[in-house]
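Trainee: no sequence for this one, just the structure:
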């Protein structure tokens, strides 16, 4: 078996394609390159989409980057035939080693995607492959778009919404998540009520009617609230429990800060009042501090009491409980808790819904951790479309059609 036959076997070539020449060249920067030239067999025949044999009109010289041969860059060259169809149209034939419009072989693209799939930043993958990052991004975006167009979110009934930025302090995106499937279904630029409409329109194009969405989990964002009420009218909103608890802890910490201004003994005790699981030493210190400082002790009692809400068996019990809690806050006259209580009152139905839906944004937080990790690896994203496609890649459970068996 000669070298041409070996390379033809490696590329999976069969009629009418054959290796016509193999040569090793030295590039301008003294790097050795392997060049494989593919030609046509004498009896080559091509057919149009109707199966009719067509004459070759002319050929066009093309070149593709292939995977490295040992340490040497490898390129494939071919004068690709253009045929004249039965309707008289001139069409370039498809080659088996590359997709239309790509300057890379399918194997090269599969290897590039495999590197990215193994959590390698695209800039680093580009460096390993010896290509400009923008060219690897084009490969990546092509396969993401193909997979995303074929995605079917038709079973979604519960949606979670969250926002994040592509870089610290830069433009925001809104992520829509199927809470049952635990995956991202759509991402749009921005973080206002219009983003909810864009997600609704995307789902509508996929056959999902707005009334199919029966549950929505969000933070207390007014824009998300108005967007869901307008575009998913049948969706019952459950406000994210962890976001509410965050606001509760902020109220607790505000009280601690006010007391800290007058009492040096409270220095270093921020998390003594915020953490749930304390060491024996910290627990002892907490007991002493809430006894010594009555305002702080009352605030801590209100904080602990509020968290009993999440264990209420039904909405009726939860409503009675929260009404009693409001009374306790009013008696305390502790301003940060009165402010928090006002927020709870204005979002009460969505907060109480939790006791029956048990929906939280924990799934969104898990997805968001993957997004943040991708941002850290890439040191942020200058291109929002690249960032969105990376989210789909990591968090949408898409099915890809690039030749995995070749990678």
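Mentor: Perfect, thanks for sending it. It should be emphasised that the depicted structure is a prediction, and the values quoted were computed from it without experimental measurement.
Trainee: which residues are contacting the longest helix seen in the chain?
Mentor: If you go by DSSP state H, the chain has its longest helix at helix 241-260. Residues outside helix 241-260 that contact it (CB atoms under 8 Å, 6 or more residues apart in numbering): 219-220, 266-267, 269-270, 273-274, 293, 295-296, 299-300, 303, 306-307, 310, 334, 336-337, 339-340, 343-344, 351, 354, 360-362, 365. In this view, the C-beta of every residue, glycine as well, is placed from N, C-alpha and C.
Trainee: cool, and stretch 333-342?
Mentor: 247-248, 250-252, 254-255, 258, 295, 298-299, 302, 325-326, 329-330, 332.
Trainee: swap in stretch 112-119?
Mentor: Stretch 112-119 has contacts (CB under 8 Å, 6+ apart) with 104, 122, 125, 128-129, 136, 139-140, 143, 377, 393, 400, 402, 404, 407.
Trainee: from these, which is closest to residue 46?
Mentor: residue 104 (23.1 Å; CB to CB).
Trainee: Identify the residues contacting the nearest residue to that closest one once chain neighbours are set aside.
Mentor: Using CB to CB, 6 or more residues apart in numbering and skipping the chain neighbours, the partner closest in space to residue 104 is residue 65 (5.0 Å). For residue 65, the contact set (CB under 8 Å, 6+ apart) comprises 73, 74, 75, 103, 104, 105, 108, 131.
Trainee: Which among the contacts of stretch 333-342 count as buried?
Mentor: The neighbour count (16 or more other CB atoms under 10 Å) marks 247-248, 251-252, 254-255, 258, 298-299, 302, 325-326, 329, 332 as buried among the contacts of stretch 333-342.
Trainee: Make TSV from these and add pLDDT to it.
Mentor: Conversion of the buried ones among the contacts of stretch 333-342 to TSV gives the following (pLDDT from 0 to 100):
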residue	pLDDT
247	96
248	96
251	96
252	94
254	94
255	93
258	90
298	95
299	94
302	97
325	98
326	97
329	97
332	96
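Trainee: Adding distance to residue 158, write those out as CSV.
Mentor: Output for the buried ones among the contacts of stretch 333-342, formatted as CSV (distance: CB to CB, whole Å):
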residue, distance to residue 158
247, 23
248, 25
251, 30
252, 31
254, 34
255, 36
258, 40
298, 38
299, 35
302, 32
325, 28
326, 30
329, 32
332, 37
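Trainee: pLDDT of stretch 111-119, averaged?
Mentor: The pLDDT scores in stretch 111-119 average 89.
Trainee: And that stretch, what's buried?
Mentor: 111, 112, 113, 115, 116.
Trainee: what about it, distance to the chain center?
Mentor: 16 Å (CA atoms, centre = their mean, to the nearest Å).
Trainee: what does stretch 317-329 give?
Mentor: Mean-position distance between stretch 317-329 and its chain equals 39 Å (CA atoms, centre = their mean).
Trainee: cool, and stretch 125-143?
Mentor: Taking CA atoms, centre = their mean, one finds the center of stretch 125-143 at 19 Å from the center of the full chain.
Trainee: Likewise for stretch 9-21?
Mentor: 40 Å.
Trainee: distance between the ends of it?
Mentor: End-to-end distance of stretch 9-21: 14 Å, with CA to CA, to the nearest Å as the criterion.
Trainee: sorry, back to before: turn the contacts of residue 65 into JSON lines, including neighbour count and distance to residue 165.
Mentor: Below are those laid out as JSON lines (neighbours: other CB atoms under 10 Å; distance: CB to CB, whole Å):
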{"residue": "73", "neighbour count": "19", "distance to residue 165": "38"}
{"residue": "74", "neighbour count": "18", "distance to residue 165": "40"}
{"residue": "75", "neighbour count": "18", "distance to residue 165": "40"}
{"residue": "103", "neighbour count": "15", "distance to residue 165": "33"}
{"residue": "104", "neighbour count": "24", "distance to residue 165": "32"}
{"residue": "105", "neighbour count": "24", "distance to residue 165": "37"}
{"residue": "108", "neighbour count": "25", "distance to residue 165": "33"}
{"residue": "131", "neighbour count": "18", "distance to residue 165": "28"}
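Trainee: Which residues belonging to stretch 13-23 are considered buried?
Mentor: Buried, per 16+ other CB under 10 Å, within stretch 13-23: 13, 17, 18, 19.
Trainee: Inside helices: which ones of those?
Mentor: Among these, no member falls in helices (DSSP H).
Trainee: Need the residues you listed in a markdown table (columns: pLDDT and distance to residue 316).
Mentor: Formatted as a markdown table, the buried residues of stretch 13-23 follow (pLDDT from 0 to 100; distance: CB to CB, whole Å):
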| residue | pLDDT | distance to residue 316 |
| --- | --- | --- |
| 13 | 84 | 73 |
| 17 | 91 | 74 |
| 18 | 90 | 79 |
| 19 | 92 | 78 |
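Trainee: I'd like the distance between residue 389 and residue 207.
Mentor: Separation of residue 389 from residue 207 (CB to CB, to the nearest Å): 23 Å.
Trainee: Tell me which of these two has more neighbours.
Mentor: residue 389 (23 against 10; other CB atoms under 10 Å).
Trainee: my read: that one touches residue 144, true?
Mentor: Yes - Residue 389 lies in contact with residue 144 (CB atoms under 8 Å); the separation is 4.3 Å.
Trainee: So residue 82: helix, strand or coil?
Mentor: strand (DSSP: H, G, I helix; E, B strand; the rest coil).
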